[in-house]
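Participant: Model the structure of this input:
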Amino acid sequence: MSTPRVKVGIVGLRHPHAVRGHEPVSWLDTLEQTPDLSIVAVTEGTPSGRESASRHLPGTPCYADVESMLAAHPDIEAAFVLVPNAESGPTLMQLVERDVHVALDKPGARTSTELAPILPMVESRGLVTAVAYLRRHHPLFQDIRRTVIEERLGRLWMVELRLFTTQVRVRGPENPLFSKEASGGGILHWMGCHMIDLLFYVTGSQPEIVRGMTANLGREAIDVEDAAVAALTLRSGAMATVTTGYMRREGSDLTMKLHCENGTLFADMIDERIDITEWGSHGQKLTETHYAGGSTPRCYGGESGIWFLQAFAQAVQRRRAQGRGGPDASGLATLHDAAAVLRAIESSYGEG
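Facilitator: Below is the predicted model of the structure:
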């Protein structure tokens with residue numbers, strides 16, 4: 001007998017990735033392609049949000065708030081939270097207090113403080129949480145993680161992470177992404193957080209020391225950074241730098257380079273390629289691996305987005321079967337992981 005699908009409520013549609021708009025694909029596209037999730041209802045407290053719900057989810061009941069939705073649909077097991085960063089903390093608290101499993105887009109909140117009271121409740125109630133740090137699910141980064149954890153190139157000494165994407169003036173300075181009140185910060189909260197999560201994930205290590213510098217190099221009328229450099233010492237002893245900025249007129253540049261005892265690994269995230277240079281007694285050996293190929297599903301996150309939501313659904317199904325004490329081996333980024341990333345960002349601002 002097949003396992004019943006997880007009934008999910010969509011909480012908010014005002015996250016930039018929630019519905020099609022500036023981007024040709026959305027999280028709703030991904031949800032529709034996730035086999036084990038079934039959308040039951042949606043909440044939106046604003047007129048524009050309710051209009052968006054009727055347009056993008058025709059026939060799906062729409063409620064003004066979480067309490068109304070859960071009262072009308074007590075069989076909802078999980079929620080996909082797609083509200084702006086400023087609303088994440090209170091929204092998550094409402095859901096966790098009702099024992100609802102939660103998935104949400106990164107970074108999860110504006111600050112680690114907003115997540116702090118929620119974390120022990122998640123643990124005590126045995127809830128599944130999943131934050132959409134999607135890059136860790138790509139086969140490229142799975143291979144990098146195995147290379148580091150298994151020390152295939154010897155001990156890891158240093159990591160360089162770089163992410164450059166389109167300028168603030170291209171995206172529009174009025175975008176809420178460039179508001180500290182709405183988002184909590186600038187490029188570190190929107191793009192740099194991906195790189196910091198990847199650093200912790202592929203190395204299997206948390207930071208010991210974090211220092212940083214930030215700037216508004218584009219000199220646009222915004223109150224957050226458009227460029228940042230973070231330097232970290234990990235508990236493993238390795239060192240790392242994360243350099244990120246809204247620097248380009250078009251396109252993006254995303255790379256990772258690992259310096260190890262017996263070689264180097266260079267990953268190009270746009271070309272989906274890894275180059276490994278190994279040093280041995282017989283000289284240098286270069287190995288190149290390409291990961292691109294086949295058609296990409298038309299949805300936010302592509303295959304990684306579907307994997308994320310399907311893994312979340314299956315984790316909820318396991319908890320349903322095993323109870324609160326059931327283990328979660330999904331590999332999903334949790335709210336605890338999101339809080340760790342936010343703490344590193346705050347230290348980069350000099351706030352930690």
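
Participant: what's the residue located most distally from the centre of the chain sitting at in phi/psi?
Facilitator: In the chain, residue 282 marks the outermost C-alpha relative to the chain mean, sitting 41.7 Å out by C-alpha atoms, centre = their mean. In terms of degrees, to the nearest 10, the main-chain angles of residue 282 are phi -100, psi 20.

Participant: Equivalent analysis for residue 9, please.
Facilitator: Dihedral angles (degrees, to the nearest 10) for residue 9: phi -110, psi 140.

Participant: Please enumerate the strands of the stretch 51-200 of the chain.
Facilitator: If DSSP state E, counting those that start in this stretch is used as the criterion, the strands of the stretch 51-200 of the chain fall at 62-63, 78-81, 101-104, 129-131, 156-166.

Participant: Tabulate those strands in JSON lines, adding columns for mean neighbour count and distance to residue 332.
Facilitator: Yep, even glycine has a C-beta here, placed from its N, CA and C like the rest. Formatted as JSON lines, these follow (neighbours: other C-beta atoms under 10 Å; distance: least, C-beta to C-beta, whole Å):
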{"stretch": "strand 62-63", "mean neighbour count": "20", "distance to residue 332": "27"}
{"stretch": "strand 78-81", "mean neighbour count": "26", "distance to residue 332": "13"}
{"stretch": "strand 101-104", "mean neighbour count": "26", "distance to residue 332": "8"}
{"stretch": "strand 129-131", "mean neighbour count": "27", "distance to residue 332": "4"}
{"stretch": "strand 156-166", "mean neighbour count": "19", "distance to residue 332": "21"}
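
Participant: ok, residue 196 touching residue 343?
Facilitator: No: taking contacts as C-beta atoms under 8 Å, residue 196 lies outside contact range of residue 343: 9.8 Å.

Participant: who has more neighbours, those two?
Facilitator: The neighbour comparison of residue 196 against residue 343 (other C-beta atoms under 10 Å) goes to residue 196, with 27 against 21.

Participant: okay, the more buried one: pLDDT?
Facilitator: Residue 196 is assigned 98 on the pLDDT scale.

Participant: do residue 285 as well
Facilitator: Value for residue 285, per-residue pLDDT: 84.

Participant: And residue 47, by the same measure?
Facilitator: 87.

Participant: Distance-wise, check it relative to residue 18.
Facilitator: Residue 47 is 16 Å from residue 18, where distance means C-beta to C-beta, to the nearest Å.

Participant: These two - which one has more neighbours?
Facilitator: Taking neighbours as other C-beta under 10 Å, residue 47 and residue 18 compare with residue 18 leading, 22 against 8.

Participant: Can you classify that one by secondary structure?
Facilitator: Under DSSP: H, G, I helix; E, B strand; the rest coil, residue 18 falls in the coil class.

Participant: Skip the chain neighbours and tell me the closest residue to it.
Facilitator: In this structure, residue 18 finds its nearest non-sequential neighbour in residue 82, 4.1 Å apart by C-beta to C-beta, 6 or more residues apart in numbering.

Participant: Having no further points to raise, I will conclude here.
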